[in-house]
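S.K.: Have a look at this fold, sequence not included:
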């Protein structure tokens with residue numbers, strides 16, 4: 001099964017979602033801030049990234065730009081920022097999808113499958 005890098009600074013959400021994703025058969029690596037996310041990415045490139053926008057140190061938008069500079073790994077923004085312009089900026093920054101919190105777990109799993117089956121051209 002695929003490897004997911006889950007980046008979120010909210011420990012309860014990160015732990016709960018990690019459990020759910022592992023139960024679905026995914027391998028999950030986590031990061032609580034932008035610096036750790038970039039470090040984890042370079043340590044082991046995941047098949048997909050679930051990326052919060054509001055992160056300490058380096059925000060999710062910057063993480064997305066930095067990863068997009070050299071990789072087309074699918075990125076799903078997973079954030080409470082639900083304004084239309086936030087979504088547009090996230091997609092323009094290189095995200096493949098944008099899911100707002102609170103989210104439906106089944107829908108998130110379907111979106112993960114969708115980006116895994118339709119990866120961007122390398």
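M.R.: Cool, the structure landed. Small disclaimer: the values here were computed from a predicted structure and weren't measured. Residues are numbered from 1 along each chain as shown.
S.K.: switch to C-alpha atoms for all contacts and neighbour counts from now on
M.R.: Fine.
S.K.: The least confident helix or strand in the chain by mean pLDDT: which residues count as buried?
M.R.: Between all helices and strands in the chain, the lowest mean by mean pLDDT, DSSP states H and E belongs to helix 84-92, at a mean of 87. When burial is assessed from 16 or more other CA atoms under 10 Å, helix 84-92 yields the following buried residues: 87, 90-91.
S.K.: Out of the residues you listed, which comes closest to residue 54?
M.R.: residue 90 (11.8 Å; CA to CA).
S.K.: residues in contact with the residue most central in space within the chain?
M.R.: Nearest to the mean C-alpha position of the chain, by CA atoms, centre = their mean, lies residue 50 at 1.5 Å. Taking CA atoms under 8 Å, 6 or more residues apart in numbering, we find residue 50 in contact with 4-7, 75-78.
S.K.: swap in residue 80?
M.R.: Contacts of residue 80 by CA under 8 Å, 6+ apart are 100-102.
S.K.: Top of the residues you listed by number of neighbours, please.
M.R.: For those, the largest number of neighbours (other CA atoms under 10 Å) sits with residue 100, at 16 neighbours.
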